[in-house]
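> Provided below for reference: sequence and predicted model.
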Amino acid sequence: MTGGTPKGKDSGARGRRLADKARGPRREPKPQVQNPNDDSVDVGVEARVAAGVLLNAALIRRGGLDEALALPAVTALPGPDRAFARAVAMAALRRLGEIDQILDRKLQKRPPEAVRTLMRISLAQTLVLETPAFAAVSTAVKLAERDPKTRPYKNLVNAVLRGIDREGPGLTTAESNLPEWIAARWKQTYGDQALIGLALAAREEPPTDLSLKPGQDAAALAEAVEGEVLPGGSVRTGRRGDVAAWPGFKDGNWWVQDAAAAVPVRLLAPMAGETALDMCAAPGGKTLQIAAAGATVQALDRSEARLKRLRQNLDRTGLEAAIAVMPAEDWLDSRTFDAVLLDAPCTATGTFRRNPEVLRATKPADVGKLADVQHRLLDAAAERVAPGGRMVYCVCSLEREEGETQIIAFLRRNPAFRTVTAEPAAVGAPAEALTPEGWLRILPSMWAENGGLDGFFAAKLERVQG
Ligand SMILES: C[S@@+](CC[C@H](N)C(=O)[O-])C[C@H]1O[C@@H](n2cnc3c(N)ncnc32)[C@H](O)[C@@H]1O
């Protein structure tokens with residue numbers, strides 16, 4: 001087990017310190033801090049209410065966090081308070097198991113959910129975001145007082161939170177932040193050591209990676225955003241805040257894309273003069289990469305709402321792609337393409353650093369349901385590959401059924417295709433990501449000393465028969 005405190009005194013501390021360095025200075029949004037003796041204003045209280053709304057929405061179902069971000073409780077807040085509310089909810093989601101371990105030691109019986117939420121939100125502030133305890137505790141008590149359902153627990157909230165502040169949180173385990181069924185799966189698939197690495201990665205707020213348009217100077221951008229150039233050419237920065245205000249954004253010189261998400265298109269290696277199909281394109285980071293490489297690209301996606309972001313990014317960067325809105329299996333166009341990318345819908349468990357809610361919102365049955373969709377889409381993708389052409393299949397999932405198992409089954413039913421062995425160094429992937437079959441299995445625990453990267457599976461296949 002991996003013991004530690006949420007402030008980081010555990011076996012992952014070294015990796016985290018190095019990762020912090022790679023990310024640059026941490027700049028958490030801060031709400032206005034209230035004087036604990038001043039009851040006249042509720043500065044910061046509404047931000048904590050919103051944090052609780054976001055946390056619970058994320059725990060209830062997939063997509064809940066995004067929906068809650070559009071609720072009046074959140075949108076009515078001033079910008080810095082909105083950012084603070086989101087940061088608190090994300091911190092609580094990343095450390096939920098540890099926060100509950102600390103609370104469970106102090107509570108003789110489980111209080112009502114609304115009370116637990118207040119305490120979780122308060123601990124996320126003090127233990128993760130390092131908000132002064134007087135501010136976090138006094139707002140939690142005020143919040144308890146406001147609601148008739150939580151009012152009877154006001155003194156309990158006060159006593160528990162002050163007790164933790166006084167006596168310290170005690171030991172916690174990083175693995176407790178992973179839902180049990182997910183931890184069991186990953187242990188079976190990747191082993192005990194890898195599970196610890198994944199659990200440690202899941203506690204961390206990731207840096208931001210930028211993909212550049214061809215001709216842009218990566219070193220100059222890295223300097224401008226206080227970042228570094230990664231092996232594949234992406235620029236990594238620890239900056240937070242509105243990316244639209246960062247240098248070069250308005251000129252369309254770059255777009256936000258995790259370093260691992262940039263690997264599949266490098267593996268596909270589209271070139272000027274070639275045709276390419278991006279079958280599940282939205283919101284479009286990979287379409288931009290294909291277009292930037294000079295290929296003539298057709299983007300397909302079933303979601304108009306998600307394609308809006310692709311259209312905005314194409315406008316901003318001046319890159320071009322034809323777009324069709326439709327399920328890829330139903331697309332009646334008869335063309336085949338030199339290069340086909342299938343970035344299939346998946347559980348997205350590999351993106352837990354950016355989207356900690358995926359681990360809570362994903363249910364065991366989702367894996368099988370999505371594997372069926374991936375199977376269908378893979379067959380539809382195969383039909384689009386021209387003789388001598390290639391395709392890359394990828395998912396940002398850590399589940400074997402959505403990655404390796406799909407390709408094993410696909411190659412069995414499609415003898416016209418064979419694997420093209422990936423070269424990690426050539427595509428900006430960690431060397432240890434190469435599987436014995438020649439595919440890439442990138443884990444979020446890789447490159448831990450540089451701030452990690454999202455989890456991805458990617459396989460390159462070529463059509464060797466017509
Ligand atoms: C993993 S995301 C793609 C991310 C995208 N390639 C990128 O880099 O930004 C999967 C996408 O598949 C789309 N999708 C799901 N089922 C589909 C289908 N049957 N046909 C086409 N698109 C589909 C979803 O709307 C979603 O945008």
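Thanks, I have it.
> quick check: domain ranges of the protein?
As assigned by automatic domain parsing, the chain contains the domains 12-172, 208-463.
> closest one to the ligand among these?
Distances from the ligand to each of those were compared by Cβ to the nearest ligand atom, and the smallest falls on domain 208-463, at 3.2 Å. For every residue, glycine as well, the C-beta is placed using N, CA and C.
> and the end-to-end length of that closest one?
36 Å (Cα to Cα, to the nearest Å).
> tabulate the domains of the chain (TSV), appending mean neighbour count.
Formatted as TSV, the entries for the domains of the chain read as follows, by neighbours: other Cβ atoms under 10 Å:
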stretch	mean neighbour count
domain 12-172	18
domain 208-463	19
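> nearest to W186, of those domains?
Proximity to W186 (Cβ to Cβ) singles out domain 208-463 among the domains of the chain, at 6.5 Å.
> mean pLDDT for the domains of the chain: which is lowest?
Across the domains of the chain, domain 12-172 has the smallest mean pLDDT, namely a mean of 83.
> can I get the domains of the chain in JSON lines with distance to K187?
Converted to JSON lines, the domains of the chain look like this (distance: least, Cβ to Cβ, whole Å):
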{"stretch": "domain 12-172", "distance to K187": "15"}
{"stretch": "domain 208-463", "distance to K187": "12"}
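> could these be laid out in CSV, adding distance to the ligand?
What follows is the domains of the chain, written out as CSV (distance: least, Cβ to the nearest ligand atom, whole Å):
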stretch, distance to the ligand
domain 12-172, 12
domain 208-463, 3
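> which one, of these, ends up nearest to Q188?
Of those, the one closest to Q188 (Cβ to Cβ) turns out to be domain 208-463, at 9.3 Å.
> just how off-centre is that closest one within its chain?
Per Cα atoms, centre = their mean, to the nearest Å, the displacement of domain 208-463 from the mean C-alpha position of its chain is 14 Å.
> mind listing the helices for the stretch 251-400 of the chain?
Along the stretch 251-400 of the chain, counting by DSSP state H, counting those that start in this stretch, helices occupy 263-268, 285-292, 304-317, 357-361, 364-383.
> among these, which is nearest A202?
Closest to A202 of those, according to Cβ to Cβ: helix 357-361, at 7.1 Å.
> what's that closest one packed up against?
Of the remaining helices and strands, those touching helix 357-361 by 3 or more Cβ pairs under 8 Å, 6 or more residues apart in numbering; DSSP states H and E are helix 45-60, helix 64-69.
> for the first one, list the C-alpha coordinates in PDB.
This file holds the C-alpha atoms of helix 45-60, laid out as PDB (Å, rounded to 0.1, in the frame of the first residue of the first chain):
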ATOM      1  CA  VAL A  45     -19.400  30.900   0.500                       C
ATOM      2  CA  GLU A  46     -21.200  30.700  -2.800                       C
ATOM      3  CA  ALA A  47     -18.100  29.400  -4.400                       C
ATOM      4  CA  ARG A  48     -18.100  26.500  -1.900                       C
ATOM      5  CA  VAL A  49     -21.700  25.900  -2.600                       C
ATOM      6  CA  ALA A  50     -20.900  25.600  -6.300                       C
ATOM      7  CA  ALA A  51     -18.000  23.300  -5.500                       C
ATOM      8  CA  GLY A  52     -20.400  21.000  -3.700                       C
ATOM      9  CA  VAL A  53     -22.800  21.100  -6.700                       C
ATOM     10  CA  LEU A  54     -20.000  20.200  -9.100                       C
ATOM     11  CA  LEU A  55     -18.600  17.400  -6.900                       C
ATOM     12  CA  ASN A  56     -22.000  15.700  -6.500                       C
ATOM     13  CA  ALA A  57     -22.900  16.100 -10.200                       C
ATOM     14  CA  ALA A  58     -19.600  14.500 -11.200                       C
ATOM     15  CA  LEU A  59     -20.300  11.600  -8.800                       C
ATOM     16  CA  ILE A  60     -23.800  11.000 -10.000                       C
END
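> report the central residue of this protein.
Nearest to the mean C-alpha position of the chain, by Cα atoms, centre = their mean, lies R354 at 2.7 Å.
> so what's the residue lying closest to it once chain neighbours are set aside up against?
Nearest non-adjacent residue to R354, counting by Cβ to Cβ, 6 or more residues apart in numbering: P206, 5.7 Å away. Residues counted as contacts of P206 (Cβ atoms under 8 Å, 6 or more residues apart in numbering) are 258, 353-354, 451-454.
> how near is P206 to R62?
Between P206 and R62 the distance is 20 Å, computed by Cβ to Cβ, to the nearest Å.
> one more: A282?
Distance of A282 to R62, computed by Cβ to Cβ: 17 Å.
> for V88, see how far away the residue nearest to R354 is.
17 Å.
> and if you look at L200?
Counting by Cβ to Cβ, the gap between L200 and V88 amounts to 21 Å.
> over to R376?
The span separating R376 from V88 equals 40 Å under the rule Cβ to Cβ.
> and what of L288?
Distance, L288 to V88, using Cβ to Cβ: 32 Å.
> what does V137 give?
For V137, the distance to V88 - Cβ to Cβ - is 14 Å.
> do the same with K308
In terms of Cβ to Cβ, K308 sits 29 Å off from V88.
> same check, this time on R116
Computed with Cβ to Cβ, the distance linking R116 and V88 is 15 Å.
> swap in W181?
Counting by Cβ to Cβ, the gap between W181 and V88 amounts to 26 Å.
> same question for A409.
A409 sits 43 Å away from V88, taking Cβ to Cβ as the criterion.
> now do I290
Taken as Cβ to Cβ, the span from I290 to V88 is 38 Å.
> now the closest residue to V53 other than its chain neighbours: phi and psi?
Ranked by Cβ to Cβ, 6+ apart and with sequence neighbours excluded, the top spatial neighbour of V53 is A73, at 5.0 Å. In terms of degrees, to the nearest 10, the main-chain angles of A73 are phi -60, psi -30.
> next up, the contacts around A73.
A73 sits next to 46, 49-50, 53 when contact means Cβ under 8 Å, 6+ apart.
> could you redo the last one with a cut-off of 7 Å?
With contacts taken as Cβ atoms under 7 Å, 6 or more residues apart in numbering, A73 has the following neighbours: 49-50, 53.
> and the end-to-end length of stretch 74-84?
Counting by Cα to Cα, the length from the leading to the trailing residue of stretch 74-84 is 11 Å.
> what pairs with the longest strand seen in the chain, parallel or antiparallel?
Longest strand of the chain, by residue count under DSSP state E: strand 385-395. Taking DSSP bridges as the criterion, strand 385-395 pairs within the sheet with strand 337-343 (parallel), strand 456-463 (antiparallel).
> ok, and what's touching that strand?
Applying Cβ under 7 Å, 6+ apart, the external contacts of strand 385-395 come out as 264, 267-268, 336-344, 346, 378, 381, 402-403, 406-407, 420, 456-463, 466.
> what's the first helix or strand after that strand?
On the C-terminal side of strand 385-395, the nearest following helix or strand under DSSP states H and E is helix 404-413.
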